[in-house]
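S.K.: Whatever this is, show me its structure:
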Amino acid sequence: MKKRKLFTAAVFLSAGLLLTGCIYKPTTKECVAGYLENIYHNDTKALTKVSDMDKDECQKLHDKYIKEEVTALQSALGNDNKMSDKAKKAYKSAVETAYSKADFTVTDVSRTTEDIYSVTVTCKKANIFKPAMDKFDKAISKMTAVEAGSMDYNDRVILMSKQIKQVCESDIKYDKEETIKMAVQKDGKEYNFAKKGMANLENGLFDIGSESAEEKY
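M.R.: Residues are numbered from 1 along each chain as shown. Next comes the predicted model:
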């Protein structure tokens, strides 16, 4: 289970954020911030204040993103390695905890064309996954060859999830603040975050990838 395969391909690469319920009042900035707060911090109040979505709908939106992360990990593992319910539950909990540590602020939202909004977000990268994988490797190294060899992919997912939560519950180290540019664009009757922009944001929030946050969105 290499880190790049396990995390970069699977973690925090959600497709996009539906903005159909957004009222865009009092400002588009508050609306976009509300959606991100709901997705990462499970803050339903932030979204209900600026949209016509109720608490249950906001919770379902947050849960949808968490479920996508679990599905993405399963995809990375392959069809021959079906995750057990116990492994899915452990990983879901780890993702929830990591999401909650996202440090970001929506600083500006401006309309660039009739169908596109430019979004500026300042964030600090949370160093979670490298330390977690270091702890994972250390735990494996302490096992006997028989113990390590007897672990299947579910055991490894559960152990990995445990290490992620342990790092999140400790004193996380954050990198210096950086600025991320992303776009919200109209797709039919809905507004969505552009996939590239979301990927850049997630690379800015977590130590999961190597793409530059300065790339065009």
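S.K.: Every contact and neighbour count from this point should use C-alpha atoms.
M.R.: Noted.
S.K.: any chance you could map the strands in the chain?
M.R.: Per DSSP state E, the chain carries strands over the ranges 103-113, 116-124, 126-127, 173-174, 178-187, 190-193.
S.K.: Quick check: which of those is nearest to residue 84?
M.R.: strand 126-127 (27.7 Å; C-alpha to C-alpha).
S.K.: Off-centre distance for that closest one?
M.R.: In this view, strand 126-127 has its centroid 12 Å away from the chain centroid, taken as C-alpha atoms, centre = their mean, to the nearest Å.
S.K.: Tell me who's in contact with the spatially closest residue to residue 135 that is not a sequence neighbour.
M.R.: Take residue 135 and drop its neighbours on the chain: the residue closest to it by C-alpha to C-alpha, 6 or more residues apart in numbering is residue 163, 6.4 Å away. Residue 163 is in contact with 132, 133, 135, 136, counting by C-alpha atoms under 8 Å, 6 or more residues apart in numbering.
S.K.: Sketch out the low-pLDDT regions of this protein for me.
M.R.: 1-26, 209-217 (pLDDT under 70).
S.K.: and residue 27, which of the strands of the chain is closest to it?
M.R.: Nearest to residue 27, of the strands of the chain and by C-alpha to C-alpha, is strand 103-113 at 8.7 Å.
S.K.: Tell me which stretches of the chain form helices.
M.R.: 3, 28-41, 44-48, 55-77, 85-100, 129-141, 145-149, 153-168, 195-205 (DSSP state H).
S.K.: Brilliant, that's me finished.
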